[in-house]
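S.K.: Sequence below, structure please.
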Amino acid sequence: MLIDDLAKVNMILKEVRKVSGSQRVDPTLTKLSDLVRKWPDFTHSEKNTSFATNTCYELHLFLKHKDPAYFKEVVRPFIACKMEKFFMDHYLLDNYEPLLSQYSDMCNLKQLNTLEKCLLIDVTVKAG
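M.R.: Purely as a prediction, here's the structure:
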């Protein structure tokens with residue numbers, strides 16, 4: 001199944017909670033879901049406030065794909081200034097060389113979570 005919108009993500013998370021026996025709703029996930037749903041209607045000032053109070057890799061990834069102009073203007077410079085960059089930082093900055101070299105080793109590859117492994121496949125395909 002292609003998971004290309006938040007409704008599908010929520011549906012899958014509900015199913016995973018059922019299978020795992022957990023009915024607990026993650027308040028952070030709910031807050032982020034509400035934020036990305038409302039994002040297109042925000043003014044630039046509201047976007048800045050929301051970004052400043054809710055910054056996380058999930059939001060950065062969403063913005064890179066769904067609001068590339070805002071990502072380029074605000075998020076990308078924010079990430080680029082980080083002293084220590086991790087997998088997702090390099091991915092968001094389109095800095096693929098460190099990812100391809102570091103995660104070609106199986107020991108390092110095992111450290112990645114599922115999303116990072118999927119993104120590494122994307123990087124590999126783009127690198128050709």
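
S.K.: Walk me through the domains of this structure.
M.R.: 28-81, 84-128 (automatic domain parsing).

S.K.: For these, give me TSV that also has mean pLDDT, mean neighbour count and distance to V19.
M.R.: Just so you know, the C-beta spots here come from the backbone N, C-alpha and C atoms, and that holds for glycine as well. Converted to TSV, the domains of the chain look like this (pLDDT from 0 to 100; neighbours: other CB atoms under 10 Å; distance: least, CB to CB, whole Å):
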stretch	mean pLDDT	mean neighbour count	distance to V19
domain 28-81	92	14	17
domain 84-128	90	13	16
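
S.K.: want to throw the ones you listed into CSV with distance to K18?
M.R.: Below are the domains of the chain laid out as CSV (distance: least, CB to CB, whole Å):
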stretch, distance to K18
domain 28-81, 16
domain 84-128, 19
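
S.K.: Going by secondary structure, the closest residue to Q102 other than its chain neighbours is in what exactly?
M.R.: Distances taken as CB to CB, 6 or more residues apart in numbering place N108 nearest to Q102, at 5.5 Å, with adjacent residues excluded. In this structure, N108 sits in helix 106-109 according to DSSP states H and E.
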